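1. no FASTA, just this:
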């Protein structure tokens, strides 16, 4: 197969998967698309989001000539994977919170799930916990404020440690908690900050490596030379200066506008 691997997210969170993809597939070309014009996803109706996600991904696949789509967003994966697979002729790889490896790593049997409100309350999260962490106590924490802090960090803007402390605080009510699932792709971008604010050493677990392994399986084994120029990127609102800063730090060119009309509210 030819064409790049296209990473999709509502914002810059999908960049946390890029490092794992490059380690797993060092010769594969990448491309990135973010639907930042529709941020935040968490406030939108499910049916609206499904239509929007399909619109954006269809347009980005056409623009990039992608051979695989990586939905590097837990909310989008929860809602739209089936619709995307129906709409697109290329493989689609989704994102699942790393409940299974976290449960295996924990020595105390008490793990945290740090995610957005949508992911924390989804039935698919209930099923993951039931199937893979039934022997554990899982402390679910909705930390939506961390998404904006990750966006700020990638834009080169100051991060508010008070917001990080507030997001993490519910975890510390479980004194034997020793492992935390970063259940939003934005959150690994803040890992050093999260670690620094934790009152004790923790194991932080994300899905990046698992996503990369799955992409390698479906993308084919052909090795390609990594191009010397920056990888292409698209955004539904390319105007924020911070996007260029964040993308360049991960080897992507300044984003090109991807024109996608917003669906009507439902």
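-> Right, received. Where do you want to start? Keep in mind that this is a model prediction, so the values were computed, not measured.
2. mind listing the helices for the stretch 1-150 of the chain?
-> 15-24, 46-64, 74-87, 99-105, 117-121, 123-132, 145-154 (DSSP state H, counting those that start in this stretch).
3. which residues touch the third one?
-> Contact partners of helix 74-87, identified using CB atoms under 8 Å, 6 or more residues apart in numbering, comprise 8-10, 41-42, 46, 49-50, 53-54, 57-58, 69, 71, 92, 94-97, 115-116, 118-119, 122, 124, 183-185. Quick note: C-beta positions are derived from backbone N, CA and C, even for glycine.
4. Likewise for the fourth one?
-> Residues from elsewhere that reach helix 99-105 (CB under 8 Å, 6+ apart): 111, 113, 125, 128-129, 131-133, 135-136, 138, 179-181, 203, 205, 210.
5. low-confidence ranges in this protein?
-> Filtered on pLDDT under 70, the chain yields the residue ranges 1, 221-228, 262-266.
6. All the strands of it, in order from the start?
-> In the chain, the segments counted as strands under DSSP state E are 5-9, 30-34, 68-71, 92-93, 110-115, 137-142, 179-182, 203-205, 233-235, 256-257.
7. now the angle from the second one to strand 5-9?
-> The reference is to strand 30-34. Calculated by axes from the mean of the first three to the mean of the last three CA atoms, to 10 degrees, strand 30-34 forms an angle of 20 degrees with strand 5-9.
8. quick one: strands adjacent to strand 30-34?
-> Sheet partners assigned to strand 30-34 using DSSP bridges are listed as strand 5-9 (parallel), strand 233-235 (parallel).
9. which one of those is the most hemmed in?
-> Neighbour counts (mean count of other CB atoms under 10 Å) averaged over each of these peak at strand 5-9, with a mean of 29.
10. Give me the most central residue, the chain.
-> By CA atoms, centre = their mean, the chain has its centre lying nearest to residue 185, at 2.8 Å.
11. how about that one, phi and psi?
-> phi -70, psi -20 (degrees, to the nearest 10).
12. which non-adjacent residue is nearest it?
-> Take residue 185 and drop its neighbours on the chain: the residue closest to it by CB to CB, 6 or more residues apart in numbering is residue 13, 3.7 Å away.
13. What is the burial count for residue 153?
-> Counted with other CB atoms under 10 Å, the neighbours of residue 153 add up to 19.
14. who's in contact with it?
-> 159, 189-190, 193.
15. Please repeat the previous calculation with a cut-off of 6 Å.
-> residue 159 (CB atoms under 6 Å, 6 or more residues apart in numbering).
16. what does residue 238 give?
-> Counted by CB under 6 Å, 6+ apart, residue 238 has contacts 255, 257.
17. how far away is it from residue 18?
-> To residue 18, residue 238 is 18 Å away according to CB to CB, to the nearest Å.
18. now the closest residue in space to residue 232 that isn't next to it in sequence: how far from residue 241?
-> Spatial nearest neighbour of residue 232, excluding adjacent residues (CB to CB, 6+ apart): residue 31 at 4.9 Å. Per CB to CB, residue 31 is found 21 Å from residue 241.
19. Comparing those two, which residue is more hemmed in?
-> Higher neighbour count among residue 31 and residue 241: residue 31, with 23 against 11, using other CB under 10 Å.
20. I figured the more buried one hits residue 6, correct?
-> Yes - contact criterion CB atoms under 6 Å: residue 31 and residue 6 qualify, at 4.8 Å.
21. what residues do those two have in common as contacts?
-> residue 64.
22. and the protein, what are its domains?
-> For the chain, automatic domain parsing gives the domain ranges 5-95+209-257, 99-203.
23. among those domains, which is the most enclosed?
-> Among those, ranked by average contacts under mean count of other CB under 10 Å, first place goes to domain 5-95+209-257 (a mean of 19).
24. Any idea how far apart the tips of that domain sit?
-> End-to-end span of domain 5-95+209-257 (CA to CA, to the nearest Å): 19 Å.
25. quick one: residue 207 and residue 160, what's the gap?
-> 26 Å.
26. re earlier: of all the strands of the chain, which lies closest to residue 214?
-> strand 92-93 (5.2 Å; CB to CB).
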